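# can't give you the sequence, but here's the structure:
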């Protein structure tokens, strides 16, 4: 009878044990908001295909106070999602070099954040202009 | 010893398989000076307070990889973590997470060793070369492609950091996959073909959820998250049969 | 007790043991290799070596130069025929390592780069950043995985060698995880267990460097040769003793005393050039540099630090970029352990024990006088280091002689058979009983750590850089006393699974045996040579009486018997070790006299 008796520690509540893991779970959860928002937008496109009245009804539903609260939270969630997405994106690329020097990951992420902000600004201006 | 000598409380998660059913915390009061590491604190406990505390250590300079443990819940090398950072509070020292505890701060790492052996961690030469012909030529730029991934000291902090490994111990894991990439990326090695099954499998790169904590805790800057996730692209291209058109003959990216 | 049958047993899976295992596997894949190590192979202390591995490479270099550098560096106590073999086979081993994937640092054209190192006339040290030992060890370990005939026994602690019918026939090990004993039958055994630096207080060594294999062979009547020669590495971290590689000086670092003066010029190593000059100043041999420190300390010109006297290793003029590229590990060590940024502040350093030149008596084929027993690496004295080792010769040694040991052990294993299994088992049972006696003993009063600390302090005092008969005698007496007190150990831990206090106690036994061999060899060598320097009337080298190897023979409870053996001289007659300007002058004169002879 061997004296060995390895003890396996339970994983329950693992993500609560470390702030890094908490932030990871929030990052993953933000995708849920992104998904729900995508469904709402798809619903809008569908309503548009059904004619002006259907589309106006969809727009009116969006002015409901609950809808506004949801959109507020979703905006924060999607912004966090975009921030964290660009943060880890460089891990999916091979090592990149420019003029013989390695391009640091933060430069790639910063480029992504800048592009996201720029695109958001363009869309905002376009929508406001309509 | 002076009256003004500082004492720090170190809480150690004990586990003696012949005595206990479950691990239990035990606190020790350790006199220390600012230059002392957690490892030196543990050595003081073993030498003078309680000879029954077991832990692995050797080089004391963060290169042998023996002394990984959880210090206040974070995976660290005890030789490179200093008591002064926790004073005047107490610190809690536990065995590395996601591994079975054999005894006190000692975990069983046979699973990792098996995975290390399974990734073919040796050069599978792209071209044959006799010793008389001298060394393969490899420019500093080519060497830079893999050097970072070759710096892994097998300390396993990354496995302790990876919740996926804790939840699914079949996962090949950060250090093993980083070492796999080290060989694929070495210009002297054949690359992709020999190791594609490990990479492409469910327990290969696809088990990784890019939590990224592994790269955060790595004491040597290996960045296993990078090694794994850049291969997700390669794996996808391989799945669609187009990777071979993008790689030079017999070589890997 | 479980019995395992193997053809070749290798105790120790560091660079030497792994290289030997691969050599056996390549020589004959049908031979079973049992590779035993008390730690996982990547933890072996080879991993901490930093600087590099020497091999004649450049077109303007020559085997004779490497040979001469080594023999001069060893103060003529080297086995010259073995050194000739060594230098001739160094380059092919470095290429072999490269073929196995070792990430050697490269020149722009893709060839392996070589750098300057202490006591070497021409740049010939192959290096992998400043982590050469790490890269070599991991390359060898990972390559060894290719060979199915190598069966590893990771975390198995060797407590005894089995000798029967006048030859080695096995090893007895403890499986650390369970505390169970195993007998591993073998037809040949290679010991590759490393040095014994932990007998001293301040050392660069890891906790595992406890002279295990040396003590085991010694107890079976194999002499330990030249044990008095312990190398003090001149640039180590105060208190911990951690190593700052010689490569710091190869890349151009200076050693400064408290006046900011490059003091080495006062000790026959000058004149001081602003850039590194081979075999001069900071690139002199390690024994000379450590001795210079001691003299500066006597003159009150060292700096008083919180952990004793230090000097400054000044790397500032190299600049941060070069430091981060060539010496990244050094940078990290200084910053993280000492809070010193070497690009802006000099690093306080002092000499600490680093390497054991002596060891198990081994001939040029690594064979010991005990048939079937071979030894390789720091644990062995194959004869290339003599009285002082040159930096970067020992990593090369692991490869050159690791291969030899593997081939020789394979040949021997094929020529014999296990003779008397029952007798071997009986010996194994006895070894088990002895080892269990340590952990099960009742009524003891001595603590492992107390005895270990007393030993280490005494060795530091008696066997330091400079030695005196009186203090060596005090250390002899102290070690004798500690060996007696060792019989009265009391352990806190009586368990079986992962009882590391028990293993530390067994290691302490090994350390005390080796310490005794060191100090008795030292007190009996009445001369100064290489790293054994005396200040008590024996300040000069005495070739007439002491151009000989010391051989320490185990004598049970009593003091070891010290005998002497001849040194093999072939091409290089003992001369003066001259470095710096004096060295260049001596070489010039030698060349002129050779030229005159040929004319």
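Received it, and whenever you're ready, just let me know what you need. Everything numeric in this text was worked out from a predicted model, so none of it was measured. Residues are numbered from 1 along each chain as shown, chains lettered A, B, ... in the order given.

# contacts only, for the spatially most central residue of chain A.
In chain A, the C-alpha nearest the mean C-alpha coordinate belongs to residue A:81, at 2.6 Å (C-alpha atoms, centre = their mean). Residue A:81 is in contact with A:27, A:30-31, A:33-34, counting by C-beta atoms under 8 Å, 6 or more residues apart in numbering or on different chains. Bear in mind the C-beta positions are built from the backbone N, C-alpha and C, glycine included.

# so can I have a markdown table of the residues you listed showing secondary structure?
What follows is the contacts of residue A:81, written out as a markdown table (DSSP: H, G, I helix; E, B strand; the rest coil):
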| residue | secondary structure |
| --- | --- |
| A:27 | helix |
| A:30 | helix |
| A:31 | helix |
| A:33 | helix |
| A:34 | helix |
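
# report the buried members of these.
Among the contacts of residue A:81, those scoring as buried are A:27, A:30, A:33 (criterion: 16 or more other C-beta atoms under 10 Å in any protein chain shown).

# isn't the second one right up against residue A:80?
Yes: the criterion here is C-beta atoms under 8 Å, and residue A:30 meets it with residue A:80 at 5.1 Å.

# tell me how many other residues crowd residue 79.
Went with chain A since none was named. Neighbours of residue A:79 under the rule other C-beta atoms under 10 Å in any protein chain shown: 14.

# oops, chain C please
Residue C:79 has 28 neighbours, counted by other C-beta under 10 Å.

# okay, it: pLDDT?
Residue C:79 carries a pLDDT value of 98.

# following the helix or strand encompassing residue C:479 in sequence, what is the next regular element?
Residue C:479 belongs to helix C:469-485 when assigned by DSSP states H and E. Next helix or strand after helix C:469-485 toward the C-terminus (DSSP H and E): helix C:500-524.

# out of the contacts of residue A:81, who's near chain B?
Of the residues in those, proximity to chain B by C-beta under 8 Å from any C-beta of the partner chain holds for none.

# which one of the residues you listed is nearest residue B:160?
Nearest to residue B:160, judged by C-beta to C-beta, of the contacts of residue A:81 is residue A:27 at 20.5 Å.

# for the closest one, give its distance to residue A:35.
Plainly put, residue A:27 is 14 Å away from residue A:35 if you go by C-beta to C-beta, to the nearest Å.

# residues of chain A that sit close to chain B?
So chain A meets chain B at A:3-9, A:11, A:14-15, A:17-18, A:20-21, A:24, A:88, A:90-95, A:100, A:102 (C-beta under 8 Å from any C-beta).

# just those that are near chain C?
A:3-5.

# okay, and whatever residue of chain A ends up closest to chain C sits in which element?
Of all residues in chain A, residue A:3 sits closest to chain C, at 4.0 Å by C-beta to the nearest C-beta. Using DSSP H and E, residue A:3 sits in no helix or strand.

# try residue C:215
Taking DSSP H and E as the definition, residue C:215 sits inside helix C:212-219.

# run the chain-centre distance for that helix.
The chain centroid and the centroid of helix C:212-219 are separated by 15 Å under C-alpha atoms, centre = their mean, to the nearest Å.

# same check on stretch C:6-20?
Centroid separation between stretch C:6-20 and its chain, computed with C-alpha atoms, centre = their mean, is 17 Å.

# okay, buried residues for that stretch please.
The neighbour-count check on stretch C:6-20 (16+ other C-beta under 10 Å) flags C:6-20 as buried.

# check stretch C:559-570 too.
Applying 16+ other C-beta under 10 Å to stretch C:559-570 flags C:559-560, C:562, C:567 as buried.

# how about these in JSON lines, adding pLDDT, distance to chain A and secondary structure?
Below are the buried residues of stretch C:559-570 laid out as JSON lines (pLDDT from 0 to 100; distance: C-beta to the nearest C-beta, whole Å; DSSP: H, G, I helix; E, B strand; the rest coil):
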{"residue": "C:559", "pLDDT": "96", "distance to chain A": "39", "secondary structure": "coil"}
{"residue": "C:560", "pLDDT": "98", "distance to chain A": "37", "secondary structure": "coil"}
{"residue": "C:562", "pLDDT": "98", "distance to chain A": "43", "secondary structure": "strand"}
{"residue": "C:567", "pLDDT": "97", "distance to chain A": "51", "secondary structure": "coil"}
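
# buried stuff in stretch C:96-108?
By neighbour count on 16+ other C-beta under 10 Å, the buried set for stretch C:96-108 is C:96-106.

# possible to save those as CSV with pLDDT?
Shown next, in CSV, are the buried residues of stretch C:96-108 (pLDDT from 0 to 100):
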residue, pLDDT
C:96, 98
C:97, 98
C:98, 98
C:99, 98
C:100, 98
C:101, 97
C:102, 98
C:103, 98
C:104, 98
C:105, 96
C:106, 97
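
# which of these fall in helices?
Judged by DSSP state H, the subset of the buried residues of stretch C:96-108 located in helices is C:96-99.

# of those residues, which is the nearest to chain A?
Distance to chain A, by C-beta to the nearest C-beta, is smallest for residue C:98 among those, at 22.6 Å.

# surely the closest one meets residue C:112?
Yes: in terms of C-beta under 8 Å, residue C:98 counts as a neighbour of residue C:112; the distance is 6.5 Å.

# what sits in contact with each of those two?
Common neighbours of residue C:98 and residue C:112 (criterion: C-beta under 8 Å, 6+ apart): B:135, C:104.

# remind me which residues of the stretch 101-250 of chain B are low pLDDT?
Where the stretch 101-250 of chain B drops to pLDDT under 70, the residues are B:248-250.

# same thing but at 50, please
Within the stretch 101-250 of chain B, the segments meeting pLDDT under 50 span B:250.

# near chain A, which residues of it?
B:101-102, B:108, B:141, B:144-145, B:163, B:166-167, B:210-213, B:215-216, B:223, B:225-226, B:229-230, B:232-233.

# can you name the residue of the stretch 101-250 of chain C nearest to chain A?
Residue nearest to chain A within the stretch 101-250 of chain C: residue C:178 (4.8 Å; C-beta to the nearest C-beta).

# SS state for that residue?
Secondary structure state of residue C:178, per three-state DSSP, is coil.

# distance of it relative to residue C:433?
The gap separating residue C:178 from residue C:433 is 18 Å, by C-beta to C-beta.

# ok, now residue A:8?
Taken as C-beta to C-beta, the span from residue A:8 to residue C:433 is 35 Å.

# kindly report the same for residue B:165.
Per C-beta to C-beta, residue B:165 is found 42 Å from residue C:433.

# who has more neighbours, these two?
Using other C-beta under 10 Å, the more surrounded residue of residue B:165 and residue C:433 is residue B:165, with 25 against 11.

# my read is the more buried one is in a strand, agree?
No: under three-state DSSP, residue B:165 falls outside any strand and is assigned helix.

# now do the contacts for residue C:88.
Taking C-beta under 8 Å, 6+ apart, we find residue C:88 in contact with residue C:63.

# and it, that's in a helix?
Yes: applying three-state DSSP, one finds residue C:88 inside a helix.

# quick revisit: so can I have JSON lines of the contacts of residue A:81 showing distance to chain C and pLDDT?
Shown next, in JSON lines, are these (distance: C-beta to the nearest C-beta, whole Å; pLDDT from 0 to 100):
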{"residue": "A:27", "distance to chain C": "30", "pLDDT": "96"}
{"residue": "A:30", "distance to chain C": "36", "pLDDT": "96"}
{"residue": "A:31", "distance to chain C": "38", "pLDDT": "94"}
{"residue": "A:33", "distance to chain C": "41", "pLDDT": "95"}
{"residue": "A:34", "distance to chain C": "41", "pLDDT": "93"}
